[in-house]
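**Student:** 3D, please:
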Amino acid sequence: MVDAITLGVDDTNKPQQNLANVSKKRVLIIEDIGEMRLMLKSLMTSLGYSNIDVEPSGQAAIKRILERPYDIVLSDYNLGGSIDGQQILETARKNYSQDHSTIFIMITADTAYESVVNVLEYQPDSYLVKPFPPTAFYRRLERVKLQKKAFKGINDARKKSDFDGMEAQAKETMAHSPHYASQCLKVIGESLYERGRYKDAKNHYMLVTHKNKNLAWAHYGIALCELKLGTVAAAVKKFEHTISLSRYFLSAYDQLADAHESLGNEKAAQDAMIAALEVSPRAFERALRLAQISMKLKDWPNAEQGYSRLIRLTRDTPNEKVEYYYDYLKCLTSMMASKDDNAKLADKFKRTLARLRSFGKTNPAAMSNSFRIEIQQFLNRGHQGEAIKSWTRWSQMIKSGKASALTEAQQYTLKKHLGLL
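**Tutor:** Numbers count the residues shown, from 1 in each chain. As a prediction, the model looks like this:
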């Protein structure tokens, strides 16, 4: 369980630090407000930390986390951009799934965070509500360090994929520190699952739910085991129950969609992604999945919304891809073909096409795809003259090497559609 430190709740003095050890630790501070960045850096410096990176944006922070490991991450929750602190936490946890030694402390001015933090799938090690005094910060950090120390044996075993040792360490920790029982029970379930002992893991999680029926992670564990045991319908019910207990348990939506797709129920998989995006609207992977499922269903409005969100979230980030623009253009083309000429859709197509050609200008295949889809939408709308003009420009780019060439068969088919034969 995560608890908060708020203004005035603590008067503990600054803890004594082993300066030789802390100076080697890597610290990342993520905060969009300059004064707060300076304050957090000053607090860490006063404790002897000197290897400190500071980032004002979530995008830059995620790039750093993916490039190198950090010992301590202090992140504001609301960073004002397309990426918030919770997404950074999720990225850090997923990227270092075998190493739980990183300390992650969330900092927020949003008191509503207190009401949801304990039901989040990915929880910070602690969080602080602004404003807070330095003494509160020092106490919070020291408490998290003690917890990390208690779980060091478990973490070391996990890093070595020693899941037998992980279970043994969890039982030992639980015996010595009963207040960590919930975390240790979760570790034991994880260790059984990782060893392929799915029936044993399921029974373990079921025993946990008998003692506390509201632990979302335990119901989620049962659902994962049901999938491995081939009882997909039972898994679906458990994933749905997990979500009913914690609508912020995002992996449950992903797994629920997987289960529905394996049962051939694309519409239910789509519903799961729509629900997930209502909870976490900035998750570009889920926007992509919604778009792809919707395309299969020929549900053009939801496909368009998915691709539009995807492009908005990934633009000018390392996740931006020419394929997203091309697929979005195919979606818009299908929408225009299924209804009367729509000026709004045509304008979206034009702007998306311009971005694809700007972003993919050094990619000959992307340039050819841009002309291919442009010609298709012109023909669908009955604008044959514009389609021919597009082919003329495309031909010139092929000759210059800026667009990839077509085979003779492809050229013949295209010219036939254009009425040039």
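**Student:** Could you check how many residues crowd around Arg64?
**Tutor:** 16 (other CB atoms under 10 Å). In short, each C-beta sits where N, CA and C put it, glycine included.
**Student:** need the contact list for it.
**Tutor:** Going by CB atoms under 8 Å, 6 or more residues apart in numbering, Arg64 touches Leu28, Asp53, Glu55, Tyr70.
**Student:** That one is in what secondary structure piece?
**Tutor:** helix 58-67 (DSSP states H and E).
**Student:** Heading C-terminal from that helix, find the next helix or strand.
**Tutor:** For helix 58-67, the succeeding helix or strand toward the C-terminus, using DSSP H and E, is strand 72-76.
**Student:** Out of the contacts of Arg64, name the ones that lie in helices.
**Tutor:** With helices defined by DSSP state H, no entry of the contacts of Arg64 lies inside them.
**Student:** Which one (most neighbours) among those?
**Tutor:** Of all those, the highest neighbour tally under other CB under 10 Å goes to Leu28, namely 24 neighbours.
**Student:** so what pLDDT did it get?
**Tutor:** Here, the pLDDT recorded for Leu28 equals 97.
**Student:** got it, and the one 3 residues further on?
**Tutor:** Reported pLDDT at Glu31 in the predicted model: 94.
**Student:** OK, contacts around it?
**Tutor:** Counting by CB under 8 Å, 6+ apart, Glu31 has contacts Arg37, Leu40, Val54, Pro56, Leu74, Ser75, Asp76, Leu79, Ile107.
**Student:** what's the spacing between it and Ser177?
**Tutor:** 32 Å (CB to CB, to the nearest Å).
**Student:** cool, Asp258 as well?
**Tutor:** According to CB to CB, Asp258 and Ser177 sit 36 Å apart.
**Student:** Make sure Gly80 is indeed in a strand.
**Tutor:** No: counting by DSSP: H, G, I helix; E, B strand; the rest coil, Gly80 is not part of a strand but coil.
**Student:** I figured it hits Asp32, correct?
**Tutor:** Yes: assessed by CB atoms under 8 Å, Gly80 is found in contact with Asp32 at 5.0 Å.
**Student:** So for the two, which sits in the more crowded spot?
**Tutor:** Asp32 (15 against 12).
**Student:** which among the contacts of Glu31 gets closest to Ala287?
**Tutor:** Leu79 (19.0 Å; CB to CB).
**Student:** So that closest one is in contact with Gln59, correct?
**Tutor:** No: between Leu79 and Gln59 there is no contact under CB under 8 Å: 9.1 Å.
**Student:** which of the two has more neighbours?
**Tutor:** Neighbour totals were compared for Leu79 and Gln59, and Leu79 leads with 22 against 17 (other CB under 10 Å).
**Student:** contacting residues around that one?
**Tutor:** Ile30, Glu31, Asp32, Pro56, Ser57, Gly58, Gly85.
**Student:** same thing but at 7 Å, please
**Tutor:** Ile30, Asp32, Ser57, Gly58, Gly85 (CB atoms under 7 Å, 6 or more residues apart in numbering).
**Student:** What subset of those residues is buried?
**Tutor:** Ile30, Ser57, Gly58, Gly85 (16 or more other CB atoms under 10 Å).
**Student:** so how far is Lys199 from Met206?
**Tutor:** From Met206 to Lys199 the distance is 11 Å (CB to CB).
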